[in-house]
Structures are given as C-alpha cells and as structure tokens.
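Asks: here are the coordinates; sequence isn't available:
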C-alpha cells in the first residue's frame with residue numbers, strides 16, 4: 001500500500017492514510033515504544049485508543065506485542081489483539097489490555113492493520129490520535145507544545161546541513177546534536193555532498209556518539225570545502 005500524510009479529522013491537524021493497491025496481501029502501521037518508557041508497565045493495565053476512518057466500512061485489526069530482547073524486534077510475542085469496526089466517518093476507538101506481562105519491560109510494539117490484517121487492494125484507511133496510556137480509561141488525546149514534541153522526536157532522528165572549509169590536508173569538525181540520541185550508536189548518513197578541491201567526507205566515530213557527530217574531509221589545494229546534508233537515526 002501507499003502511505004500519505006493527509007489533513008486529519010476535526011480535532012487533529014494531520015493523519016496517516018493507507019491506500020490499498022492491487023495485489024496487496026497485508027497493510028499495517030507499526031509503532032514501537034522504547035523500553036525506557038515501559039519500565040513501569042509489567043502487571044499494569046493499559047488502554048490503546050485511536051481515531052479511524054475508512055473509505056468503505058471494514059474491520060481493522062489492532063495488536064500489542066513485546067520483543068524477546070530489549071528494544072530488539074527480531075522476535076516478538078503477542079500480548080493482546082482485537083478488531084474495531086471502522087466506518088466512513090471518523091470515530092474514536094479504544095481497547096483496554098489488563099495485567100501486562102513482565103516482557104513489556106523490553107518495549108512494546110503497536111500494530112494497526114487494514115481489513116483485519118488481510119489483503120487491502122482498494123480504498124483508504126485513515127489513522128490519527130493513536131495513544132497508549134496506563135489505566136483502563138481512554139483519556140483525550142494528549143497535545144504537547146511543538147517545541148517539546150520536536151525534542152522528543154530528535155531523540156530518535158535528527159537532520160541538518162553543514163559546511164567545512166580549510167587548507168591542504170585532512171580537517172575535521174563536530175556537530176553537537178540538539179538532543180542526545182537514545183543510543184551511543186546512531187546511524188549517520190551523508191547526502192547531497194558537494195566538493196571544491198576536496199574529497200572523502202567521512203564520519204568519525206569518536207567522542208560521545210549520542211551527543212555529537214564528528215567528521216572530516218581531505219583538502220587537495222590551499223583552499224577547499226565540502227557542503228552536505230546529514231541524518232542521524234536512532235530509531236527502534
């Protein structure tokens with residue numbers, strides 16, 4: 001299927017829309033909650049809620065899982081699952097899952113799947129306002145200031161652009177992240193690299209990798225430089 005950000009229903013600025021395509025066998029939305037945020041969940045009840053709308057009425061599957069190792073989702077174990085009957089007008093749905101197992105301390109994965117986790121070959125399913133919270137009551141969707149939401153996201157992903165200039169030889173520099181990443185081994189990728197009398201832009205994994213990005217380039221003349229974009233991902 002295709003996934004697109006669209007205008008949300010009343011009360012939500014944006015939503016995720018999945019569109020079915022011919023030959024599709026399954027269409028799912030995943031979200032993984034870091035173990036850091038799940039430490040107090042074992043033995044507790046949680047409530048999953050979301051606002052859903054479909055171009056045609058359908059049953060939508062939801063499921064909660066936990067990984068067998070901390071924040072490592074190569075193998076997962078089911079906690080609970082069910083379905084919601086979604087119609088053509090936006091509706092808030094909720095499900096309560098009691099007495100979570102000890103394994104949720106490793107993290108939690110939420111799956112929402114179109115057409116009851118089956119083939120989704122046409123139409124659209126729109127999802128927004130997904131919330132997992134402690135307790136047995138679905139409270140109104142939590143809205144945080146944009147600056148706080150950005151900082152929370154930057155713990156997992158950050159991007160930017162850079163310029164480095166110097167003389168003959170290898171020169172380096174460091175970018176300090178806006179927010180420390182959740183891991184000491186984020187995945188750093190350079191793109192749109194442009195050189196003038198320079199080459200070999202390289203990531204240098206030293207120092208505090210969770211808080212800064214170090215790199216260098218080789219300059220082949222008395223003056224040279226490189227411009228580039230960078231991303232640092234510590235996603236689950």
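Replies: Received it, and whenever you're ready, just let me know what you need. Note that the structure is a prediction, hence the values are computed from the model and not measured.
Asks: And the pLDDT for the residue nearest to residue 181 when sequence neighbours are not counted?
Replies: The shortest distance from residue 181 to any non-neighbouring residue, by CB to CB, 6 or more residues apart in numbering, is to residue 234 (4.0 Å). The C-beta positions use only the backbone N, C-alpha and C, and glycine is treated the same way. Here the pLDDT value assigned to residue 234 is 95.
Asks: again with residue 1
Replies: 85.
Asks: ok, so what distance separates it from residue 91?
Replies: 21 Å (CB to CB, to the nearest Å).
Asks: When these two are compared, which one has more neighbours?
Replies: residue 1 (18 against 15; other CB atoms under 10 Å).
Asks: For that one, list the residues it contacts.
Replies: For residue 1, the contact set (CB atoms under 8 Å, 6 or more residues apart in numbering) comprises 18, 19, 20, 21, 24, 27, 114, 120.
Asks: In the residues you listed, which residue is surrounded by the most others?
Replies: That'd be residue 114 among those, by other CB under 10 Å, with 28 neighbours.
Asks: That residue contacts residue 55, doesn't it?
Replies: No. Using CB atoms under 8 Å, residue 114 is not in contact with residue 55, being 10.7 Å away.
Asks: what's the overlap in contacts for those two?
Replies: residue 125.
Asks: Check the offset of the helix or strand containing residue 201 from the chain's centre.
Replies: Following DSSP states H and E, one finds residue 201 within strand 198-203. Relative to its chain's centre, strand 198-203 lies at 29 Å (CA atoms, centre = their mean, to the nearest Å).
Asks: who does it pair up with?
Replies: strand 212-219 (antiparallel) (DSSP bridges).
Asks: just the angle between the helix or strand following the strand it pairs with and strand 212-219, please?
Replies: Note on strand 212-219: by DSSP H and E, the next helix or strand toward the C-terminus is strand 224-233. Relative orientation of strand 224-233 and strand 212-219, computed by axes from the mean of the first three to the mean of the last three CA atoms, to 10 degrees: 150 degrees.
Asks: In its sheet, which strands sit next to strand 224-233, and in what direction?
Replies: strand 157-166 (antiparallel), strand 187-196 (antiparallel).
Asks: Please list the outside residues in contact with the last one.
Replies: Counting by CB under 8 Å, 6+ apart, the neighbours of strand 187-196 from elsewhere in the structure are 201, 203, 213, 215, 217, 224-234.
Asks: Give the buried residues for stretch 93-100.
Replies: The neighbour-count check on stretch 93-100 (16 or more other CB atoms under 10 Å) flags 93, 95, 97, 100 as buried.
Asks: out of those, who's nearest residue 59?
Replies: Checking the buried residues of stretch 93-100 against residue 59 by CB to CB gives residue 93 as the nearest, at 11.3 Å.
Asks: ok, then the element right after the helix or strand harbouring residue 95?
Replies: Assignment of secondary structure by DSSP H and E places residue 95 within strand 91-97. As assigned by DSSP H and E, the chain's next helix or strand after strand 91-97 is strand 108-113.
Asks: Return the list of strands paired to the next helix or strand after that following strand, each annotated with direction.
Replies: Beyond strand 108-113 on the C-terminal side, the first helix or strand identified by DSSP H and E is strand 124-134. Sheet pairing of strand 124-134 (DSSP bridges) gives strand 14-19 (antiparallel), strand 46-54 (antiparallel).
Asks: Columns distance to residue 150 on top of the ones you listed, output as a markdown table?
Replies: Formatted as a markdown table, those follow (distance: least, CB to CB, whole Å):
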| stretch | distance to residue 150 |
| --- | --- |
| strand 14-19 | 15 |
| strand 46-54 | 22 |
